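here are the coordinates; sequence isn't available:
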């Protein structure tokens, strides 16, 4: 073993590993998106509806899974493991785009949303509890847009971001599979 070979790192550069590049990109996009969602919620006080909260699950999966897939790619893990990580990322983000599309359709009135956040209020309990509940509960409806930019709601932007992440993960999958 020469001193020159000992100085060469065991990790692959990003440019030579599509699995590493794709999983890093998905992780960074997911982290930035969820940070933005928390900013809207905690700073701007735009509270999420139940469908908004469900759309966050894919990001909560994509961040650690993308990071683990990137670490595995960097360490030279077997191709089937990298392909599995990228496939799960692509499928989860694609499913999230579908959920975001559903939510956008509810907002635009194309179809009915879930009754817990867009239907009529049915069970108010007894009259004594009603007044105390009204003071403490803020109902965020899924069919009412709280914020729009360039004609799209946050659910609409979630669709675009999720499709972008799915495309990046699919690109990484295809490129890794061809190697």
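Right, received. Where do you want to start? What you are looking at is a predicted structure, and each value in this text was computed from that prediction instead of being measured.

And the helices in this protein, which stretches?
Along the chain, the stretches classed as helices by DSSP state H are 3-7, 18-42, 50-74, 79-108, 115-118, 127-136, 154-178.

and the angle from the third one to helix 79-108?
If I follow you right, that is helix 50-74. 160 degrees (axes from the mean of the first three to the mean of the last three Cα atoms, to 10 degrees).

Point to the residue nearest the middle of the protein.
residue 59 (3.0 Å; Cα atoms, centre = their mean).

could you list every residue that touches that one?
30, 31, 33, 34, 37, 96 (Cβ atoms under 8 Å, 6 or more residues apart in numbering). No exception for glycine: its C-beta is placed from N, CA and C like everyone else's.

The first one contacts residue 165, correct?
I take that to be residue 30. Yes - Residue 30 lies in contact with residue 165 (Cβ atoms under 8 Å); the separation is 6.5 Å.

so what sits against both of the two?
Counting by Cβ under 8 Å, 6+ apart, the contacts common to residue 30 and residue 165 are residue 62.

Give me the buried positions along stretch 86-103.
By neighbour count on 16 or more other Cβ atoms under 10 Å, the buried set for stretch 86-103 is 86, 88-90, 92-94, 96-97, 99-103.

Tell me the one among the residues you listed nearest to residue 156.
Nearest to residue 156, judged by Cβ to Cβ, of the buried residues of stretch 86-103 is residue 100 at 7.3 Å.

Next one: that closest one from residue 28, what distance?
19 Å (Cβ to Cβ, to the nearest Å).

ditto for residue 98
Residue 98 is 23 Å from residue 28, by Cβ to Cβ.

What degree of burial does residue 164 show, as a neighbour count?
16 (other Cβ atoms under 10 Å).

Leaving out sequence neighbours, find the closest residue to it.
residue 29 (6.7 Å; Cβ to Cβ, 6 or more residues apart in numbering).

Surely residue 25 and residue 168 touch.
Yes - at 5.0 Å, residue 25 counts as touching residue 168 under the criterion of Cβ under 8 Å.

With neighbour numbers in mind, choose between the two.
Using other Cβ under 10 Å, the more surrounded residue of residue 25 and residue 168 is residue 168, with 23 against 19.

Quick one: residues contacting the more buried one.
22, 25, 26, 29.

what does residue 22 give?
Residue 22 touches 86, 89, 168, 169, 171, 172, 173, 175, 176, counting by Cβ under 8 Å, 6+ apart.

again, only using 10 Å
66, 69-70, 73, 82, 85-86, 89-90, 165, 167-176 (Cβ atoms under 10 Å, 6 or more residues apart in numbering).
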